[in-house]
Structures are given as C-alpha cells and as structure tokens.
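# Turn this into a structure:
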Amino acid sequence: MKRFFLLSSVILFSLLSIAQNAVIDQVVWIVGDEAILRSEIEEQRLRAQYEGMEIKGDPYCIIPEQMAVQKLFLHQAQLDSIEAADSQVNSQVEMRINYFLSQIGSKEKMEEYFRKPLNEIREDITEMVRNQMIIQQMQQKITGDIKPTPAEIRHYYSELPADSIPVIPTQVEVQIITIAPPVPREEIDRVKDRLREFTDRINAGTATFSMLARIYSEDTESAKQGGELGFMGKGQLVPEFANVAFSLTDPNRVSRIVETEFGFHIIQMIEKRGDRMNVRHILLRPKTSAQDRQKAMALLDSIGNDVRAGKMTFETAVATFSQDKNTVMNNGVMQNENMSTSKFEYQQLPQEVAKVVYKMKVGEISDPFVMIDRQSNKEVCAIVKLKSKVDTHKADLTNDFQTIKQQLVEQTSERIIQNWIKKKIQET
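Numbers count the residues shown, from 1 in each chain. Here you go, the predicted model:
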C-alpha cells in the first residue's frame with residue numbers, strides 16, 4: 001500500500017527541480033490522453049535525490065509507473081466530477097510556501113533558487129496541491145468506508161504470521177495540573193511601550209517593520225521572514241488578531257497594539273486578495289517574575305504533597321487548581337491529538353513532560369517543573385501523574401485492538417486500490 005499511497009506525496013517531488021531544463025523532452029508513457037515526458041521523470045528523480053529518498057529499482061521505470069498511476073486517479077476523478085475545495089487548496093499552498101521561505105531564507109532567495117517569480121512558484125504548488133487532494137478523495141471513493149467487524153479483526157489477528165504482528169513502543173497516559181504565574185502590570189506596560197517605540201520608528205522612517213520583526217519578534221518562525229505570515233483567511237487566525245488585521249487597508253499603516261493568548265502584537269498589512277490577507281507582525285511576550293514563578297512552584301509542591309498524603313485526589317486537585325483548559329474537564333488527562341487517544345509514546349509528549357515521566361512509576365506524582373505550553377507558547381509550572389504505562393510489546397487484542405484494526409483497514413485499502421489499478425491498466 002505504501003507504494004501507491006505515497007503517490008500523493010510524489011506529486012510534490014518536482015518543486016525544487018522546476019528549473020531543470022537541460023533534458024530534451026520525449027514521450028515515455030501515455031495514459032489515456034496524457035503523456036508522461038522524460039523531463040518530468042528527471043524532475044521527480046532529482047527531487048527524490050535532493051530529499052534523500054531511496055528509489056528501489058530503476059528510477060526511469062519506478063517513477064513513470066508512479067506518475068502513470070497518479071494520472072489514472074486524476075483521469076477517473078475528472079470523470080467522477082471530483083474536485084478540491086479552493087479554500088483548502090489555498091490554505092495548504094500558503095503553508096507550503098511559508099515552509100519553503102523558512103528553509104530558504106527569503107522571497108528573493110526562493111525566486112533565485114527556483115529561477116521563477118513567486119507568483120509562478122505559487123501556481124506550480126497550487127496545481128500540485130490540488131492534484132494531491134483530488135487523488136486522496138479518489139482513493140477514498142475507491143476504497144469506501146472500510147469498517148471491519150470485531151469478529152473480522154480477531155480472525156485477521158489469528159491469521160497473522162508472528163513476524164507480521166506489529167511491535168508497539170512503550171505508551172503512557174499522563175494527567176497534568178498547570179498554573180501560569182501572573183504577569184506583573186509593570187511588565188505588560190514595558191512590552192507595550194516597546195511596541196509603541198517600534199511603531200514610532202517605523203512611522204518616522206528610521207526603521208522598517210520587517211527589519212524590526214527580524215531582530216525583536218518572539219514569533220521565531222515568522223521573524224525569519226520579516227514578520228510575514230503569508231496569505232491566510234480570517235478563520236485561520238485567533239479572533240483578536242484577525243479582527244484588527246482584516247480592518248487594515250493601508251500598507252503603510254501600523255496597527256494598534258493587539259493582545260492575544262500569545263502575547264502583544266503590532267501588525268502591518270502587505271496585501272489583500274479577496275477574503276485572504278498577508279500581513280507582518282511583531283510579537284512580544286511579557287515575562288513572569290522569578291518571585292511569581294517560585295510561588296506557583298510552591299503551590300504545586302503543596303498540592304502534590306496533599307495528594308500523596310491522601311488529603312485529596314489528583315482529579316480533585318485538577319478541578320480546583322489547574323489552569324490547563326485542554327485537560328481540566330477531563331480529570332487532567334492529556335490528549336494525543338495526532339492519534340485521537342490519551343496514549344502517548346514518549347517522543348509524542350512535550351519534551352519537558354517526557355523527561356519527567358520517563359523515570360516515573362504508575363501512580364507516582366512528579367515534583368513541580370517548568371514547561372512551555374504548546375497552545376499558548378507561554379511558560380507555565382506543572383506537576384504530572386503517570387496514570388498508566390504499557391511497555392514495548394507485540395500487539396495484542398487486549399491492549400492494541402485499534403492498532404490491529406487500523407492495520408487491517410490499511411491492508412484492505414491497499415488490496416482494493418491495487419485491484420482497481422490493475423483493472424484500469426487493462427482498460428487503458
């Protein structure tokens with residue numbers, strides 16, 4: 001299945017080798033009315049080489065085969081009137097452009113690297129992303145909604161050879177209590193005064209917004225691009241930021257100071273296209289004082305001792321003290337959003353939590369520690385309880401039913417798609 005489902009990522013291979021024009025084109029394969037050119041194959045090969053991706057076998061056989069299957073999907077999608085939503089395509093395009101900008105360094109370097117202006121690079125990426133989304137939808141339509149029954153899953157597991165049973169890494173469930181130390185009023189005033197100073201320098205012409213963003217903004221990723229965020233819809237930004245950003249009409253104007261959960265910002269409009277806008281911003285975060293941080297750590301230490309002494313349960317402590325809005329309604333149990341479960345492998349946890357939990361026993365409560373909250377990117381103090389732990393093991397139906405189910409679904413999908421491809425090749 002990997003061979004065919006990787007086709008959706010193969011679509012992106014040509015991006016960094018767009019500028020390669022040395023290959024004399026010749027038609028290698030024809031799929032329906034679509035020709036596959038040797039130059040396209042060479043672009044894919046160079047991209048794979050750049051990414052360090054191993055191509056098993058002759059690339060001039062493997063790559064055109066993959067491209068041919070890709071074109072089969074796209075041709076069938078056209079017949080079935082399957083399309084990708086513009087809003088989703090545009091969102092993905094901007095994310096990818098911003099990623100390349102962060103890797104290459106600047107718009108100018110990116111254009112120099114690809115030997116194309118940014119608008120043409122955007123067009124290339126848009127086509128690739130659109131095709132990727134259409135192929136994913138087409139594959140989903142071909143396979144349908146596969147829902148194996150518990151009996152089918154048990155039968156599948158019983159028939160698995162021993163060397164085909166997946167090994168499950170150690171997984172843990174963690175409960176957490178966090179307290180964010182208060183930020184002194186004086187610190188907030190200091191940050192606002194600093195942003196007002198930036199605004200005055202920009203308006204006076206003694207500094208540019210992008211220069212100040214590169215030097216001072218605490219949004220480290222956008223700072224590399226002079227504070228530029230790329231084109232985004234209003235719904236992609238936190239409301240407080242979006243309301244001010246989308247009210248801007250003059251590219252030379254700097255916004256008022258905006259407070260969000262991430263800190264304080266000033267914003268400058270770059271360009272607006274329909275319901276999407278590209279802006280720059282400078283983010284500064286007020287810092288907590290060492291004294292307030294020590295108070296939060298002392299409170300958490302006291303809470304931990306009370307739970308250990310049986311004066312309260314950890315769940316009661318969560319409801320009474322925790323400021324973590326993502327876990328407070330769930331007894332403090334952390335959620336692995338990528339896997340839609342409460343179980344984490346160590347590398348999936350926030351680094352600070354993983355370091356603490358690694359040495360703990362089930363039921364143990366940690367000492368207080370400082371961590372960066374992933375949602376707000378702010379410093380918080382925390383204690384954790386190790387709720388459960390399952391050591392590395394071969395998958396079994398008791399602990400890993402969902403993992404085994406997913407493996408069955410993937411293998412069934414692979415078989416359906418392979419059969420579909422064989423049938424279409426015979427018909428083409």
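# okay, CA-based contacts and neighbour counts for the rest of this
Noted.
# what's in contact with stretch 296-305?
Around stretch 296-305, the neighbours that count as contacts under C-alpha atoms under 8 Å, 6 or more residues apart in numbering are I179, A180, P181, A317, I365, S366, D367, P368, F369, C381, A382, I383.
# which residue ranges form the strands in the chain?
With DSSP state E as the criterion, the chain has strands at 27-31, 34-37, 167-168, 171-179, 232-233, 258-260, 263-273, 276-284, 344-345, 369-372, 379-390, 393-394.
# and the longest one, what other elements does it pack with?
Read that as strand 379-390. In terms of contact count using 3 or more C-alpha pairs under 8 Å, 6 or more residues apart in numbering; DSSP states H and E, strand 379-390 is assigned the packing partners strand 171-179, helix 290-308, helix 351-357, strand 369-372.
# List the contacts of Q137.
Shown here is Q137, whose contacts under the criterion C-alpha under 8 Å, 6+ apart are I82.
# And it, what's its pLDDT?
Looking at Q137, its pLDDT reads 94.
# so how far is R415 from it?
Between Q137 and R415 the distance, using C-alpha to C-alpha, to the nearest Å, works out to 17 Å.
# re the thing from before, could you dump the strands of the chain to a markdown table with distance to S102?
Converted to a markdown table, those look like this (distance: least, C-alpha to C-alpha, whole Å):
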| stretch | distance to S102 |
| --- | --- |
| strand 27-31 | 36 |
| strand 34-37 | 32 |
| strand 167-168 | 34 |
| strand 171-179 | 32 |
| strand 232-233 | 17 |
| strand 258-260 | 24 |
| strand 263-273 | 18 |
| strand 276-284 | 14 |
| strand 344-345 | 28 |
| strand 369-372 | 22 |
| strand 379-390 | 25 |
| strand 393-394 | 39 |
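# Make TSV out of the ones you listed and add mean pLDDT.
Rendered in TSV, the data for those read as follows (pLDDT from 0 to 100):
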stretch	mean pLDDT
strand 27-31	65
strand 34-37	71
strand 167-168	90
strand 171-179	96
strand 232-233	86
strand 258-260	94
strand 263-273	94
strand 276-284	94
strand 344-345	93
strand 369-372	92
strand 379-390	95
strand 393-394	92
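# out of these, nearest to K359?
Smallest distance to K359 across the strands of the chain (C-alpha to C-alpha): 10.0 Å, for strand 379-390.
# Please save the CA atoms from that closest one in CSV.
Extracted in CSV, the C-alpha atoms of strand 379-390 (Å, rounded to 0.1, in the frame of the first residue of the first chain):
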residue,chain,number,x,y,z
GLU,A,379,5.8,29.4,30.3
VAL,A,380,3.7,27.5,32.9
CYS,A,381,4.5,25.5,36.0
ALA,A,382,3.2,21.9,36.2
ILE,A,383,3.0,18.6,38.1
VAL,A,384,2.1,15.3,36.4
LYS,A,385,0.8,11.9,37.5
LEU,A,386,1.6,8.8,35.5
LYS,A,387,-1.8,7.3,35.0
SER,A,388,-0.8,4.2,33.1
LYS,A,389,2.1,2.6,31.2
VAL,A,390,2.3,-0.3,28.8
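# What is the distance between it and the centre of its chain?
24 Å (C-alpha atoms, centre = their mean, to the nearest Å).
# Most widely separated two among the contacts of stretch 296-305?
With distances taken as C-alpha to C-alpha, the most widely separated pair in the contacts of stretch 296-305 is P181 and I365, at 20.7 Å.
# coming back round to it: Q70: which of the contacts of stretch 296-305 is nearest?
A382 (48.6 Å).
# For that closest one, name its beta-bridge partners.
Partner residues in beta bridges with A382: T178, F369, with DSSP bridges as the criterion.
# Please look at it and D373 and confirm they touch.
No: A382 lies out of contact with D373 (C-alpha atoms under 8 Å); the separation is 9.9 Å.
# Between these two, point out the one with more neighbours.
Using other C-alpha atoms under 10 Å, the more surrounded residue of A382 and D373 is A382, with 27 against 16.
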